[in-house]
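Q: Here you go, sequence then predicted model.
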Amino acid sequence: MKNAPNNPFLLLGYHRRKYFCNRNDEIKWLEDNLQNGRNSVLFSLRRLGKTAMIQCVLKELERSGKAEVIFVDLLATQTTEDAILQIARAVVQRYGKASSGAGTAFMKMLGKVGFDISIDPMTGLPSLSMGLRQGPSPAHSLESLGAFLAARKMPVVIAMDEFQQVCTFEKENAEAIFRTWAQQFAQIHFIFSGSHRQMMMSMFAEKNRPFYRSAQLKELQPIPLDEYRTFITRHFKAAKKKIDGEVVDEIYRWSRGQTYCVQLLCNRLYGSFEHANTEALNRVKQEVLQQENNVFINYFNLFTSTQWNVLRAIAKEEPLVNPLSKEVLLRHQLGAASTVASALKQLQNKEFVVQLGDEFLVHDVVFARWLRHRG
Ligand SMILES: Nc1ncnc2c1ncn2[C@@H]1O[C@H](COP(=O)(O)OP(=O)(O)O)[C@@H](O)[C@H]1O
Ligand SMILES: [Mg+2]
């Protein structure tokens, strides 16, 4: 088998369908939108599989020869200029090679709209930075990139991951700039995705926002246990390994159904055991907590003592309901309701805590287990 990984439970990105558990309906939804010229918004809690699923769809689309695809990760961007630079980089990565047929005209265009281009001597590939000189406005640079893409013979699909970053940019018109851009070119289709549920929903579903009703929204849910069970057992069987039914249940429960965490536990069980029983799983859980220990210890300076107490209370109760009720405040000795309310708000803003309906959760599953474990 070409390129077969040693361990079928992958922890990074998308490889191919064999190692990808289901998501058939969601993939079909995304492909359907693309085929019919509808833009899509995919959001969910972190590490449920948005990026991997988008990469799956993009890969198959590119291979089918029906469209050219571009993937942009906006996670580390802080200004409109950063974001445009990221987009330009992704475009260069796709078309910058001489063999892509876009060639020098494209490079010239980039220079004209404010990018400095140099050829990396190690790789021979072009690399981009934003020119220091007073260049054209961000909107203008975007427009030129769009015009280039719209002139391709094939439809172009651009996926913008962690798109909620755009609403944190200080110059308040970033959303409007991107909205105008996304509207300008009928030949370019967009996928927007993000892990900040509230920000993504507000951006696309609030009346006074530029992106209001401009795309189809979907919240990605955890992969159902039954589907995951089939996937997990199949891969263990294929290697003549054994995994107990109740171990699969416990993996899913401990992981809160979070794809990354399920993959992580399965990866370790598969890697170290011929028979994954409860004892093996307990060892793997300990290892995972131990491994992350240093990361979490470093959080100590990050939070106030009230914030720590709130985090611990949420992790212990999982989920915590009514955090400001007298009963909860007393049970966890949290102190005054107003102090707890502001600690909670800050934890939510930083995405350490998420609220689903009336339930509060520690966003990072392993961190939640660690908090509970340490008491
Ligand atoms: N359907 C799936 N089957 C198997 N592994 C998956 C699946 N979806 C995601 N993963 C794995 O789960 C992890 C988290 O997925 P990712 O796409 O990064 O989540 P998100 O973008 O929602 O934060 C990655 O390691 C990825 O390889
Ligand atoms: Mg992602």
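A: That came through, no problem. Ligands and ions are numbered 1, 2, ... in the order given.

Q: Buried residues in stretch 206-216, which are they?
A: Buried residues in stretch 206-216, counted by 16 or more other C-beta atoms under 10 Å: 209-211, 214-216. Yep, even glycine has a C-beta here, placed from its N, CA and C like the rest.

Q: let me redo that: stretch 56-67
A: 56-61, 67.

Q: Return the subset of those lying in helices.
A: Under the assignment DSSP state H, these contribute 56-61 to helices.

Q: from those residues, which single one is nearest ligand 1?
A: Cys56 (7.9 Å; C-beta to the nearest ligand atom).

Q: what about the chain, any weak spots by pLDDT?
A: 1-2, 97-103, 124-126, 130-135, 172, 375 (pLDDT under 70).

Q: Mind doing that once more with 80?
A: Applying pLDDT under 80 to the chain flags the ranges 1-3, 96-138, 171-172, 375.

Q: which residue does it bring closest to ligand 1?
A: The minimum distance from the chain to ligand 1, using C-beta to the nearest ligand atom, falls at Gly49 (2.8 Å).

Q: follow-up on the earlier one: so of the buried residues of stretch 206-216, which ones are in strands?
A: Per DSSP state E, strands hold the following members of these: Gln216.

Q: so where does Gln348 fall, helix or strand?
A: Element membership for Gln348 (DSSP states H and E) is helix 337-349.

Q: next one: whichever helix or strand comes after that helix to chain centre, how far?
A: Using DSSP H and E, the helix or strand that follows helix 337-349 towards the C-terminus is strand 353-356. From the chain centre to the centre of strand 353-356 is a distance of 17 Å (C-alpha atoms, centre = their mean, to the nearest Å).

Q: Export the helix or strand just after strand 353-356 to CSV, keeping only CA atoms.
A: Sequence-wise, the next helix or strand downstream of strand 353-356 (DSSP H and E) is strand 359-362. What follows is the C-alpha trace of strand 359-362 in CSV, where atoms were taken according to Å, rounded to 0.1, in the frame of the first residue of the first chain:
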residue,chain,number,x,y,z
GLU,A,359,-23.9,24.5,30.2
PHE,A,360,-20.3,25.6,30.7
LEU,A,361,-17.4,23.5,29.6
VAL,A,362,-13.6,23.7,29.7
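
Q: which parts of the stretch 51-200 of the chain sit against ligand 2?
A: Neighbours of ligand 2 within the stretch 51-200 of the chain, by C-beta under 5 Å from the ion: Thr51.

Q: Show me where the stretch 51-200 of the chain has its helices.
A: Along the stretch 51-200 of the chain, counting by DSSP state H, counting those that start in this stretch, helices occupy 80-95, 103-112, 138-150, 174-184, 197-205.

Q: Thank you kindly, that will do.
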